[in-house]
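**Q** what's the 3D shape of this:
(chains A, B, C and D)
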There are 4 protein chains.
Amino acid sequence: MRASWQERFAETSDVLKSSQHQQTVVRVLDLEIGGSQFITMAGPCSVETEQQILSIAHHVRAQGAQVLRGGAFKPRSSPYAFQGLGLEGLKLLAKARSETGLAIVTEVMSEDDVSLVAEYADILQIGSRSMENFTLIDAAARSGRPLLLKRGMMATVDDLLRSAQIALTAGNANVILCERGIRTFDSTLRNTFDPAAIALLKHISHLPVIADPSHACGHRELVPALARIGVAAGADGMIVEVHPQPEQAWSDGEQSLTFAEFDEMMTMLKPYIRHRAAAVGNLLETVG
Amino acid sequence: MRASWQERFAETSDVLKSSQHQQTVVRVLDLEIGGSQFITMAGPCSVETEQQILSIAHHVRAQGAQVLRGGAFKPRSSPYAFQGLGLEGLKLLAKARSETGLAIVTEVMSEDDVSLVAEYADILQIGSRSMENFTLIDAAARSGRPLLLKRGMMATVDDLLRSAQIALTAGNANVILCERGIRTFDSTLRNTFDPAAIALLKHISHLPVIADPSHACGHRELVPALARIGVAAGADGMIVEVHPQPEQAWSDGEQSLTFAEFDEMMTMLKPYIRHRAAAVGNLLETVG
Amino acid sequence: MRASWQERFAETSDVLKSSQHQQTVVRVLDLEIGGSQFITMAGPCSVETEQQILSIAHHVRAQGAQVLRGGAFKPRSSPYAFQGLGLEGLKLLAKARSETGLAIVTEVMSEDDVSLVAEYADILQIGSRSMENFTLIDAAARSGRPLLLKRGMMATVDDLLRSAQIALTAGNANVILCERGIRTFDSTLRNTFDPAAIALLKHISHLPVIADPSHACGHRELVPALARIGVAAGADGMIVEVHPQPEQAWSDGEQSLTFAEFDEMMTMLKPYIRHRAAAVGNLLETVG
Amino acid sequence: MRASWQERFAETSDVLKSSQHQQTVVRVLDLEIGGSQFITMAGPCSVETEQQILSIAHHVRAQGAQVLRGGAFKPRSSPYAFQGLGLEGLKLLAKARSETGLAIVTEVMSEDDVSLVAEYADILQIGSRSMENFTLIDAAARSGRPLLLKRGMMATVDDLLRSAQIALTAGNANVILCERGIRTFDSTLRNTFDPAAIALLKHISHLPVIADPSHACGHRELVPALARIGVAAGADGMIVEVHPQPEQAWSDGEQSLTFAEFDEMMTMLKPYIRHRAAAVGNLLETVG
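**A** Coordinates of the predicted model:
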């Protein structure tokens, strides 16, 4: 007999479903993440200019997005890569919120920046490179803001749940998990998207789970297919990169959708999103 | 500038889309695999008894499956595991075909068995452990039967296309590719399902592509979600394990669906299958 | 308490050390593989011409090699790659043996070729792409020749032992295991060399184990360091690619050593080989 | 033609060998790390008690170790795991230094702890979970203390060099690289030790490189073999876990050596260490 999921993940039991608690709903402004609505977070990799972020915010809002993403503090994959606008970027995100009503999600890279980022952002993103930075997760959790916890590129499902549990232990139950692709032997695409992990997380955990199709593949032309896969996997939402001129983006241009591509994707996804609630219900409800 | 897909896969150009050839349709009995219809292949891991295979065949046929799967020659994951009924299994599959009209797909393990298996089966399966057995692929291709080529658990997309090209070079263009999960650092599930590879293969290759949600996860309760993901990825069909009493199956019981679970899955998938053709069309059509 | 190695590998107990059987010694001509002598197998990737194979054989013999390697039947990593000289290659290897006294190891790719290859070769190599071709292993084992079983590039230690057990079950206990690098997320080198697997195999199994530093890294300039690592890991020997003009080799030129590099490596390894017996003895002798 | 190493790693050219700079020697107390002497760092996973750390320090000193390791701030692999003695642990390490003359290496987990840890430690360890915490590396580098930078379990050689370059860019050239095993599909041992990365790093970079055989395998009985492999790979030193009563250690007991095992290993390694300098010299000196 195979061990049950509850036995296998016993060490992180706080994030598992129980008879009393089947689903956490994270409330941000007037949004409910983890509820019946599929949530679209969209925006550029990096906040670049006021004109850039405002035009993106208005555009994605008109197409149905509810949350604006955009990096102000950027992880540097190399010492010389662009590191973000910092405070100026946060202020531009806040301006975009006040103009559009979109909630703001942005990454916090350092525990010393937590209070500053928490002042401007509605959701604090813990990036994949920080998923095992427990000090940062603890500090971010204590800010009281909801967390968007991205899976590390070599983190098991178990590792991700352990990091989530750090936040719960610090008193913050508003944790949104995010699958964004893992590192495997096959480097044909940027990462290997793992939507079975989304399906499994929805099966065993009460936390909301979203998909990041942009980082998962790294190729603009495949992002819509991966978004559709994410919906089909049962995700509660997605986070996707959009840029008016991807070829001129300061970072991640090859995986950013143009406005036209974003619009086409949002239209294509509609019937899948309609079937989502039913689909999630079709997963066996009892924890294996 | 990133190299185009056609440049990256130039060595296997025969299996790539071209302006002249966008899609191969494999014809088996009255079926068109790679056409507008989503093809369901279902059946047990192993053919066990006449009563078992006939009852499964009738059941999956009634639920809309078009192809019966079942192992007569089994790969041995251990020297002492069940190795299949052999010729007796092939005869039982043929009997199931004559009773139900289902086409038959079954694995051929050895070049010496090719002519025997080709006598009984409509589609020859090259198993994931044999994906780099080029001698076997060449021999199976020369039989003239369509091939179902399963991706090796350690094979890149490039490796899979190279193996397909072996068959085309041997004069057999009727090759169906199958994604069935790869080996990664995360062993939470049996394998890591890679539907982005399905989306990519549909984007660059003219060959039909199907998903194997059973081997991809190894857990019965997640198979329907993975099947749904496969449809959303743009697959032309799926191959799924079904058994009347999985807990008594001679092999792979933990990933086999019961009849009731199979029925529920087929009902759940219907709206997704309806949207499939449109969805595939939404992939950017030009080869990047 | 962690399970013991014997418990973890219980299914392949025939290949594990026991109080009665600590070490298998494979006898080939006058060689003892798995005994006190470190065995060097050297030669080209492919047998190309009589002049090529004879010059290499004489050279490596003079430097202390005991076995000549060379492919007559080549695995095709692509449908158009060189496939080997076949029977002509086997005859050239036999001629090299009669001129130098070196034993011959060469790969058998297909069960239909087993009797032919076994007629000429002293050791039948099962290549890494064939490690899970159980039909081939069974057929090769029944030839009575010793087998050199290369680890698949995504095979666990457990998988390798299962394949070895296939041979033992077929009545052939003369199996030499070979670690040649595995596939991981890091593609800086051709493969990731795993000498801890060598140390573990020497700790738990009675079969001889050798290292393949050439395939493990794919870069000529690192081959000597990897050979040294293999000796330090406790390997009973190594198999290494040598070519008089690597830049003109028909295959694998980038990882083949020149004669001068081979000579320098053999001199450099001498003190390490002297310490090997002692080193192996320093591994705790009892099976964990 | 394959690109040269210098072309492949051009973005981190500061850490590569050049005609002017072949080897960095890090000076700590009277030690030279990266010079002709092989450096042994030994100690417990965690500092537990004064009695524990002092007895270990005296013991490893007597056997030839030059640096004492011991965690005061511990990464938590789970929210409930032991988190270290903190400042009290640092004071105990300092006491062990004053009694034995051993230099101290200990991990810093948070940028807020850098100045405190730098006050007590001679070398600041950046743990594998922090290898992509660029904020922490930058802060630690600015303390002026030498850094021991452990490779992340999901980091390529390129990623490791990028993190090292962060420290150099911050003005600190005293960076010691450490290979400690990576995550792969094979979980037979705790990690997959990658000594070819050590050989490659010694071939292309001027920074000292050490091996961590304890974390690389996770099994006490294999640690000596992996230490020997590290020496053979050309490492400038090693860091190894030792505990008087491993079965009672507060963390990592299964991979900690007893005093007797440590002594036996140090004796066994002596001839290999003697050959190290020559061996390193046998690597082709020119940067490929």
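**Q** show me which residues of the stretch 51-200 of chain A sit near chain C.
**A** A:Met154, A:Arg183, A:Thr184, A:Phe185, A:Ser187 (CB under 8 Å from any CB of the partner chain). C-betas here are computed from N, CA, C, even on glycine.
**Q** now do 6 Å
**A** The interface of the stretch 51-200 of chain A toward chain C, taken as CB under 6 Å from any CB of the partner chain, is made up of A:Arg183, A:Phe185.
**Q** around chain D, pick out the residues from chain A.
**A** A:11, A:76, A:78-79, A:109-110, A:129, A:132-135, A:154, A:162, A:165-166, A:169, A:183.
**Q** out of the residues you listed, who's near chain B?
**A** Okay, of the residues of chain A next to chain D touching chain B (CB under 6 Å from any CB), that's A:Met154.
**Q** now do the same end-to-end measure for stretch A:111-124.
**A** 12 Å (CA to CA, to the nearest Å).
**Q** so A:Met131 makes contact with A:Ser163?
**A** Yes: with contact defined as CB atoms under 6 Å, A:Met131 reaches A:Ser163; the gap is 5.3 Å.
**Q** from the residues of chain A next to chain D, which would you call buried?
**A** Among those, those buried by neighbour count (16 or more other CB atoms under 10 Å in any protein chain shown) are A:76, A:78-79, A:109-110, A:129, A:132-135, A:154, A:162, A:165-166, A:169, A:183.
**Q** of those residues, which belong to helices?
**A** A:Phe134, A:Thr135, A:Arg162, A:Gln165, A:Ile166, A:Thr169 (DSSP state H).
**Q** what sits closest to the second one if chain neighbours are left out?
**A** Just to be clear, that refers to A:Thr135. In space, and not counting its chain neighbours, A:Thr135 is closest to D:Ser110: 4.3 Å by CB to CB, 6 or more residues apart in numbering or on different chains.
**Q** the spatially closest residue to A:Thr156 that is not a sequence neighbour in helix, strand or coil?
**A** Excluding its sequence neighbours, the residue lying closest to A:Thr156 (CB to CB, 6+ apart) is B:Asp186, at 4.5 Å. Of the three states, B:Asp186 takes coil under DSSP: H, G, I helix; E, B strand; the rest coil.
**Q** identify the residue nearest the most centrally placed residue in chain A in space, chain neighbours excluded?
**A** For chain A, A:Cys178 is the residue whose C-alpha lies nearest the centre (CA atoms, centre = their mean; 4.6 Å). Nearest residue to A:Cys178, sequence neighbours excluded (CB to CB, 6+ apart): A:Lys150, at 4.5 Å.
**Q** need the contact list for that neighbour.
**A** A:Gly127, A:Ser128, A:Cys178, A:Arg180 (CB atoms under 6 Å, 6 or more residues apart in numbering or on different chains).
**Q** make it 7 Å
**A** Applying CB atoms under 7 Å, 6 or more residues apart in numbering or on different chains to A:Lys150 gives the contacts A:Gln125, A:Ile126, A:Gly127, A:Ser128, A:Met131, A:Cys178, A:Arg180.
**Q** let me see the backbone angles for the third one.
**A** Yep, that's A:Gly127 we're talking about. Backbone geometry at A:Gly127, expressed as degrees, to the nearest 10, gives phi -70, psi 170.
**Q** that older thread, touching, the residue nearest to A:Thr156 and B:Thr192? I think so.
**A** Yes: contact status for B:Asp186 versus B:Thr192: in contact at 6.2 Å, counting by CB atoms under 7 Å.
**Q** paired strands for the host helix or strand of the residue nearest to the centre of chain A, with orientation please.
**A** Under the criterion of DSSP states H and E, A:Cys178 resides in strand A:175-179. The strands that strand A:175-179 pairs with in its sheet are strand A:147-150 (parallel), strand A:209-211 (parallel) (by DSSP bridges).
**Q** which residues touch that strand?
**A** A:26, A:33, A:146-151, A:160, A:164, A:167-168, A:194-195, A:197-198, A:201, A:207-212, A:239.
**Q** make it 6 Å
**A** A:26, A:33, A:147-151, A:164, A:167, A:194, A:197-198, A:201, A:207-212.
**Q** before we move on, back to that, any chance of the ones in helices among the buried ones among the residues of chain A next to chain D in JSON lines, plus pLDDT?
**A** Conversion of those to JSON lines gives the following (pLDDT from 0 to 100):
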{"residue": "A:Phe134", "pLDDT": "91"}
{"residue": "A:Thr135", "pLDDT": "90"}
{"residue": "A:Arg162", "pLDDT": "95"}
{"residue": "A:Gln165", "pLDDT": "96"}
{"residue": "A:Ile166", "pLDDT": "94"}
{"residue": "A:Thr169", "pLDDT": "94"}
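**Q** need the nearest residue in space to the residue of the stretch 101-250 of chain A found nearest chain D, chain neighbours excluded.
**A** At 3.0 Å from chain D, A:Met154 is the closest residue in the stretch 101-250 of chain A, using CB to the nearest CB. Of all residues not flanking A:Met154 in the chain, D:Met154 sits nearest, at 3.0 Å (CB to CB, 6+ apart).
**Q** send me stretch A:46-56 as CSV with only the CA atoms.
**A** Provided in CSV are the C-alpha atoms of stretch A:46-56 (Å, rounded to 0.1, in the frame of the first residue of the first chain):
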residue,chain,number,x,y,z
SER,A,46,10.5,45.1,-15.3
VAL,A,47,8.9,48.5,-14.7
GLU,A,48,10.8,50.6,-17.2
THR,A,49,9.1,54.0,-17.6
GLU,A,50,5.9,55.7,-16.5
GLN,A,51,4.6,55.6,-20.1
GLN,A,52,5.4,51.9,-20.3
ILE,A,53,3.7,50.7,-17.1
LEU,A,54,0.6,52.9,-17.5
SER,A,55,0.0,51.9,-21.1
ILE,A,56,0.4,48.2,-20.1
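**Q** give me the buried positions along that stretch.
**A** For stretch A:46-56, by 16+ other CB under 10 Å, it's A:Ser46, A:Val47, A:Glu48, A:Gln52, A:Ile53, A:Ile56.
**Q** hmm, back to that, relative to A:Leu124, how far out is the residue nearest to A:Cys178?
**A** 11 Å (CB to CB, to the nearest Å).
**Q** okay then, goodbye and thanks.
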